[in-house]
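Participant: Please find the sequence and the predicted model below.
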Amino acid sequence: MITEHPSKIKFLKRSFFQRILGKCVTSLPADPGCWTYSEGVVTLDLQRAPELSKPGAALRIEGEGLPKRVLLVHGDDGQYHAFCNQCSHGGRRLDPVAETGTVQCCSVGKSTFTYEGRLVFGSAKKDIAAFPLREEDRKLLIDLPNPIAQ
Ligand code: FES
């Protein structure tokens, strides 16, 4: 359920065509070997993913037998956050919106979710899954529930 007034929501600067085509901002890691997946856990080596070093940065983790795409965000709050990278409206990818504590769908509906995955704006009707994660020895371990709930 949407609880935020639309005037409080910030939008990523994207052209209409970028939104129609669903072109997200967030990149794949420069080092594709920075993460592995095994038995429901994604392990990402932060030393091999320098793109994530600053708050506001994000990476897409997908492919290589991963059951669901993951958006990994180094949040404005200094914490890491992981999401199912699939908008609950039409399945498009998400990007972080700087200095708002939210992630937003790259499509025209601009569905926007908090770091907890709670829907605050847009065409979607449901929240997205925010995956639990923890940091150990400069590695992030992201638990993907099985089956993954949307
Ligand atoms: S797919 Fe995300 S708002 Fe439509």
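Facilitator: Alright, I've got the coordinates.
Participant: So which residues of the chain form strands?
Facilitator: For the chain, the strands defined by DSSP state E cover 35-38, 41-45, 58-61, 70-74, 80-84, 94-97, 102-105, 112-114, 119-121, 130-131, 133-136, 139-143.
Participant: Including mean neighbour count and mean pLDDT, could these go into CSV?
Facilitator: Where you see a C-beta, it was placed from the backbone N, CA and C, and this is true even at glycine. What follows is the strands of the chain, written out as CSV (neighbours: other CB atoms under 10 Å; pLDDT from 0 to 100):
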stretch, mean neighbour count, mean pLDDT
strand 35-38, 16, 96
strand 41-45, 18, 97
strand 58-61, 22, 98
strand 70-74, 24, 98
strand 80-84, 22, 98
strand 94-97, 24, 97
strand 102-105, 26, 96
strand 112-114, 23, 97
strand 119-121, 22, 95
strand 130-131, 19, 98
strand 133-136, 12, 97
strand 139-143, 17, 98
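Participant: and the ones you listed as JSON lines, adding distance to residue 17?
Facilitator: Converted to JSON lines, the strands of the chain look like this (distance: least, CB to CB, whole Å):
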{"stretch": "strand 35-38", "distance to residue 17": "31"}
{"stretch": "strand 41-45", "distance to residue 17": "32"}
{"stretch": "strand 58-61", "distance to residue 17": "21"}
{"stretch": "strand 70-74", "distance to residue 17": "22"}
{"stretch": "strand 80-84", "distance to residue 17": "25"}
{"stretch": "strand 94-97", "distance to residue 17": "16"}
{"stretch": "strand 102-105", "distance to residue 17": "16"}
{"stretch": "strand 112-114", "distance to residue 17": "20"}
{"stretch": "strand 119-121", "distance to residue 17": "21"}
{"stretch": "strand 130-131", "distance to residue 17": "30"}
{"stretch": "strand 133-136", "distance to residue 17": "34"}
{"stretch": "strand 139-143", "distance to residue 17": "32"}
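Participant: For residue 29, find the nearest of these.
Facilitator: Set against residue 29 and scored by CB to CB, the strands of the chain come closest in strand 58-61, at 5.2 Å.
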